[in-house]
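Novice: Here is the input, now give the coordinates:
(one chain, ligands or ions: 1)
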Amino acid sequence: MLQIQNLTKQFTVDGRAVPILDIPLWKVEKGERVAITGPSGSGKSTLLHLISGIMSADSGRIAVDGQPLHELSEAKRDALRASAIGYVLQDFHLIPSLTARQNVEIAMTVQLPQKERRRIVDGWLEQVGLGGRGRHLPSQLSRGQQQRVAIVRAMVNNPPLLLADEPTGSLDWETADEISSLLMELSAAHGHTLIVVTHDLNMAERFPRRLNIRDINEVRRETFPRQRSSSGSVDKEGISL
Ligand SMILES: Nc1ncnc2c1ncn2[C@@H]1O[C@H](COP(=O)(O)OP(=O)(O)OP(=O)(O)O)[C@@H](O)[C@H]1O
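Specialist: Numbers count the residues shown, from 1 in each chain. Okay, the predicted model is just below:
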């Protein structure tokens, strides 16, 4: 599903090049569910931006669903992102002037009669416990409900790859727990490959595969050295790797 080879990315800060990512090889198989943890500033969000094609790598190869991003035109990359990649963000990024239903509808890439589109969207909203909330504006929904709408928006095109960047980061623990469960259940039910960046250990522990970005990234190891517990087997975030 995802293949990364010799990927590098740096940013220029105050005229100085700062290397952020150098990933020799990383693969995620179809249907796998992976949680990525790691210290703040270690390049986790940057990695998701590169996988989604929102940002370009300096060098290397990223293939999503067999399609090498660097070989695609910008228009084709946009089309791939719209149809093959769902993206869930910490702050939902719903359009405030649109209803829950409209926020999902505008993300749909299939051409269908309006009635059919609405039926599909309402089915999804029902599935995430928001039946009857389709006409509500984001401001009329709780934060957890807004994230549910954002999850539906990310999934409505049935993308093979679902990315989530701190999806529970701005939620209280109980709502975070519900959103974690929802993401796990929906991705399993629909066979999505799911890659989540998170500081939420409760969420990370549910994932069959967990990794610390320092395990695949060759840079930043000096900036973010692994901190071993006395047992030597658990890192700073408490995740056995
Ligand atoms: N557009 C940019 N220009 C310059 N530096 C950037 C840019 N985007 C990110 N960075 C820097 O790259 C580094 C990695 O950022 P990134 O957001 O990927 O980290 P992260 O691991 O997701 O952090 P967090 O866990 O705090 O969200 C940080 O030092 C950040 O300041």
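Novice: Now for Ser142: which residues touch it?
Specialist: Going by C-beta atoms under 8 Å, 6 or more residues apart in numbering, Ser142 touches Thr175. For glycine as for every other residue, the C-beta is placed from the backbone atoms N, C-alpha and C.
Novice: Not counting sequence-adjacent ones, nearest residue to Leu47?
Specialist: Excluding its sequence neighbours, the residue lying closest to Leu47 (C-beta to C-beta, 6 or more residues apart in numbering) is Leu21, at 6.2 Å.
Novice: Ok, Thr168 next?
Specialist: Counting by C-beta to C-beta, 6+ apart, the residue nearest Thr168 is Ala176, at 3.6 Å.
Novice: Pretty sure that neighbour sits in a strand.
Specialist: No: secondary structure of Ala176 (DSSP: H, G, I helix; E, B strand; the rest coil): helix, not part of a strand.
Novice: which residues sit in contact with it?
Specialist: Ala176 touches 168, 200, 202-203, counting by C-beta under 8 Å, 6+ apart.
Novice: Just the buried residues of the worst-scoring helix or strand of the chain on mean pLDDT, please?
Specialist: Least confident helix or strand, the chain: helix 74-84 with a mean of 87, by mean pLDDT, DSSP states H and E. For helix 74-84, burial by neighbour count (16 or more other C-beta atoms under 10 Å) applies to 77, 80-81, 84.
Novice: got it, and stretch 56-76?
Specialist: Applying 16+ other C-beta under 10 Å to stretch 56-76 flags 57, 60, 62-65, 69, 72 as buried.
Novice: which residues touch it?
Specialist: 1-10, 23, 50-51, 53, 77, 80, 84-85, 160-161.
Novice: As PDB, could you dump the C-alpha coordinates of it?
Specialist: Extracted in PDB, the C-alpha atoms of stretch 56-76 (Å, rounded to 0.1, in the frame of the first residue of the first chain):
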ATOM      1  CA  SER A  56       7.100  17.400  -1.900                       C
ATOM      2  CA  ALA A  57      10.200  15.500  -0.800                       C
ATOM      3  CA  ASP A  58      13.700  16.700  -1.600                       C
ATOM      4  CA  SER A  59      14.600  13.300  -2.900                       C
ATOM      5  CA  GLY A  60      13.400   9.700  -2.700                       C
ATOM      6  CA  ARG A  61      10.400   7.700  -3.700                       C
ATOM      7  CA  ILE A  62       6.900   7.400  -2.100                       C
ATOM      8  CA  ALA A  63       4.400   5.100  -3.800                       C
ATOM      9  CA  VAL A  64       0.800   5.000  -2.600                       C
ATOM     10  CA  ASP A  65      -1.300   2.200  -3.800                       C
ATOM     11  CA  GLY A  66       1.300   1.400  -6.500                       C
ATOM     12  CA  GLN A  67       1.500   5.000  -7.700                       C
ATOM     13  CA  PRO A  68       4.800   6.800  -7.400                       C
ATOM     14  CA  LEU A  69       4.000  10.400  -6.200                       C
ATOM     15  CA  HIS A  70       7.100  12.000  -7.700                       C
ATOM     16  CA  GLU A  71       6.200  10.800 -11.200                       C
ATOM     17  CA  LEU A  72       2.700  12.300 -11.100                       C
ATOM     18  CA  SER A  73       1.800  15.800 -12.300                       C
ATOM     19  CA  GLU A  74       0.400  18.100  -9.700                       C
ATOM     20  CA  ALA A  75      -3.100  17.600 -11.100                       C
ATOM     21  CA  LYS A  76      -2.700  13.800 -11.000                       C
END
